[in-house]
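1. got a predicted structure plus its sequence, pasted below:
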Amino acid sequence: METTQEIVQAVQAAGVTGAGGAGFPTYVKLQAQAEVVIANGAECEPLTHVDKQLMLHHAPEVIAGLRAAMHSTGAARGILGVKGKYKEVIAKLRKALGDATDITIAELGNFYPAGDEQVLVYDVMGRVVPEGGLPIDVGCVVQNIETLYNIDAALHGRPVTEKFITVIGAVRQPVTVKVPIGIRLRDVLALAGGLTTPDPVILDGGAMMGNVVGDLDAPVTKRTKMLLVLPYDHQLSVKRRTPREIFDAHAIAACDQCYMCTDYCPRHAQGHAIQPHKLILLLASGVPLTDAQMAGAMLCCECRTCNYACPVHLSPGDIALNIKRDLVREGMKNPYHRTTEADPYRDYRRVPMTRLINRLDLAKYDVAAPLTAVSTPFTRVELLMRQHIGMPAWPVVKVGDVVKCGDLVGEITKGGLGAPVHASMDGVVVSVSNESIVIEAKEVG
């Protein structure tokens, strides 16, 4: 087994980041000292299949990545958090584990948001992460399944050049595919056999935490995980297109302070000082958004569970999220850092995934999306220099350079937080800027 330094260096050089969410550079997590590394296989977002498919088809690689993360962090234990309903996945993992005792499987309930890392840590370890804290504060490191797959690839000299993505919803053939980073989103959608709605709205990231895609020519990044295609008049499409001023006004007019949004908030259930209903009350009272009373929004995990809970279909989650972003822009720091205890009624206020899918009117799209080989020859990629938290990469190639898949094209300043970028196809560099590098497959010579 490699040393901690060798693992960290290989993962950093390969450009491994969190495979969803914010894209935090993985090498930083691997330098922590932890008791346990938890593999997040909860498939939190409704209808996504990436982690399930990776565990089905690449269980040995995922486990190898988990074991490398354990070695790097000094963790004596590894835990694979997987929903108990995934019987076939669990069987594959058990077979790959063999007689190993240092890694165990924790079977999770089919709830949302089971994949929130603080929820996962409590479900698996019974430990509450402090307000504004991280799992490492209670001895845990949490890694996404695809990230573990990429850690193992990095230790075999393969940088991150491809991305696993689920395409589902109003498409002819729902699939999970592995594609080069940098191809257009419209090219990914085409792999699902085309759309079945004439005026689609595409959510990048899924029904609960995803954002509306404004440009189908935008490139796939290391964070692209799921493309959910919905009809223009679907309730989620309408809500995601609603301007902030409108849902703020609706909340001010209609919220009766029933407290259900707060009751169902997974971070409030951990004892954290976030109360979505109170944020709406403050908004209605005319309190400035940057007032210290608003600071509870800094603890929002952006899951939008409170939207599901609202009996009059308001959007407390979007209100909390926007307030949080306002506070960040104003430079406000989170004042809440208490060590808390979970609400004793926490487990009775969880959101069953099946009920959530029905509430969101997604049941007809709740179908298999198997991992499917891609034979389409892609001829162009655009590689963004910022696909991660931290500083953007800076180009180390120029127009006219011939590159091979895996070649370094974007580097990070020494000592800076970020992740390098690698060519995802063979070709010629045709455009270079501080924002992106474009490579095209051209005949050379």
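-> Happy to help now that I have it. Residues are numbered from 1 along each chain as shown.
2. from what I can see A114 touches C44, true?
-> Yes - with contact defined as CB atoms under 8 Å, A114 counts as touching C44 (5.7 Å). Backbone N, C-alpha and C define where each C-beta goes, glycine included.
3. neighbour count: those two, which is higher?
-> C44 (25 against 22; other CB atoms under 10 Å).
4. tally of neighbours for the closest residue to that one other than its chain neighbours?
-> Using CB to CB, 6 or more residues apart in numbering and skipping the chain neighbours, the partner closest in space to C44 is G115 (2.6 Å). Neighbourhood size, G115 [other CB under 10 Å]: 25.
5. contacts only, for G115.
-> When contacts are counted by CB atoms under 8 Å, 6 or more residues apart in numbering, G115 is found next to 40, 42-45.
6. which parts of the stretch 1-150 of the chain are strands?
-> Here the stretch 1-150 of the chain has its strands, by DSSP state E, counting those that start in this stretch, at 36-41, 77-83, 103-108, 111-112, 140-144.
7. partner strands of the first one and their direction?
-> Put plainly, it is strand 36-41. strand 77-83 (parallel), strand 140-144 (parallel) (DSSP bridges).
8. what angle do the first one and strand 103-108 make?
-> Strand 77-83 and strand 103-108 meet at an angle of 30 degrees, taking axes from the mean of the first three to the mean of the last three CA atoms, to 10 degrees as the criterion.
9. now the shortest one
-> Between strand 140-144 and strand 103-108, the angle comes out at 80 degrees (the same axes, to 10 degrees).
10. can you list the residues that contact strand 140-144?
-> Residues outside strand 140-144 that contact it (CB under 8 Å, 6+ apart): 18-20, 26, 29-30, 32, 34-40, 51, 65-66, 69, 73, 75, 117, 120-121, 125, 127, 135, 151.
11. try it again at 7 Å.
-> 18-20, 29, 32, 34-40, 69, 73, 75, 117, 120-121, 125, 135 (CB atoms under 7 Å, 6 or more residues apart in numbering).
12. filter those to the buried ones?
-> Among the contacts of strand 140-144, the ones that count as buried by 16 or more other CB atoms under 10 Å are 18-20, 29, 32, 34-40, 69, 73, 75, 117, 120-121, 125, 135.
13. ok, back up a step: got JSON lines for the contacts of G115, with distance to E6 and pLDDT too?
-> Listed next are the contacts of G115 as JSON lines, based on distance: CB to CB, whole Å; pLDDT from 0 to 100:
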{"residue": "N40", "distance to E6": "25", "pLDDT": "97"}
{"residue": "A42", "distance to E6": "30", "pLDDT": "94"}
{"residue": "E43", "distance to E6": "32", "pLDDT": "89"}
{"residue": "C44", "distance to E6": "32", "pLDDT": "87"}
{"residue": "E45", "distance to E6": "34", "pLDDT": "94"}
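14. from R241, how far out is K442?
-> Going from K442 to R241 by CB to CB, to the nearest Å gives 39 Å.
15. domain parsing for the protein?
-> What automatic domain parsing lists as the domains of the chain is 4-155, 162-234, 243-359, 380-440.
16. so for D318, what's the nearest residue that isn't a sequence neighbour?
-> F247 is the one closest to D318 (CB to CB, 6+ apart), at 5.9 Å.
17. in contact with that neighbour, which residues?
-> Counting by CB under 7 Å, 6+ apart, F247 makes contact with 315, 318-319.
18. helix or strand for it, which one?
-> Per DSSP states H and E, F247 falls inside helix 244-254.
19. quick revisit: buried deepest among the strands of the stretch 1-150 of the chain, which one?
-> strand 36-41 (a mean of 28; mean count of other CB atoms under 10 Å).
20. give me the residues contacting that strand.
-> Counting by CB under 7 Å, 6+ apart, 51, 55, 62, 66, 69-70, 73, 75, 77-82, 115, 117, 120-121, 124-125, 139-145, 148 sit against strand 36-41.
21. rerun at 8 Å
-> Identification of contacts with strand 36-41 by CB under 8 Å, 6+ apart yields 51-52, 55, 62, 66, 69-70, 73, 75-83, 86, 89, 115, 117, 120-121, 124-125, 135, 139-145, 148.
22. how far away from the center of its chain is it?
-> 14 Å (CA atoms, centre = their mean, to the nearest Å).
23. ok, stretch 172-184 next?
-> For stretch 172-184, the distance to the chain centre is 17 Å (CA atoms, centre = their mean).
24. next one: stretch 149-165
-> Counting by CA atoms, centre = their mean, stretch 149-165 is centred 17 Å from the centre of its parent chain.
25. and it, which residues are buried?
-> Using 16+ other CB under 10 Å as the test for burial, stretch 149-165 gives 149-155, 158-165.
26. quick one: average confidence on it?
-> Taken as a whole, stretch 149-165 has a mean pLDDT of 98.
27. do me a favour and get the end-to-end distance for that stretch?
-> Taking CA to CA, to the nearest Å, stretch 149-165 runs 14 Å from one end to the other.
28. how about the helix or strand hosting L283: buried residues?
-> Following DSSP H and E, the helix or strand that holds L283 is helix 276-284. Neighbour-count burial for helix 276-284, counted by 16+ other CB under 10 Å, picks out 276-283.
29. do the same with stretch 204-222
-> 204-210, 213, 219-222.
30. remind me what the helix holding L283 packs against, helices and strands.
-> The contact analysis (3 or more CB pairs under 8 Å, 6 or more residues apart in numbering; DSSP states H and E) places helix 276-284 against helix 244-254, helix 260-264, helix 316-329.
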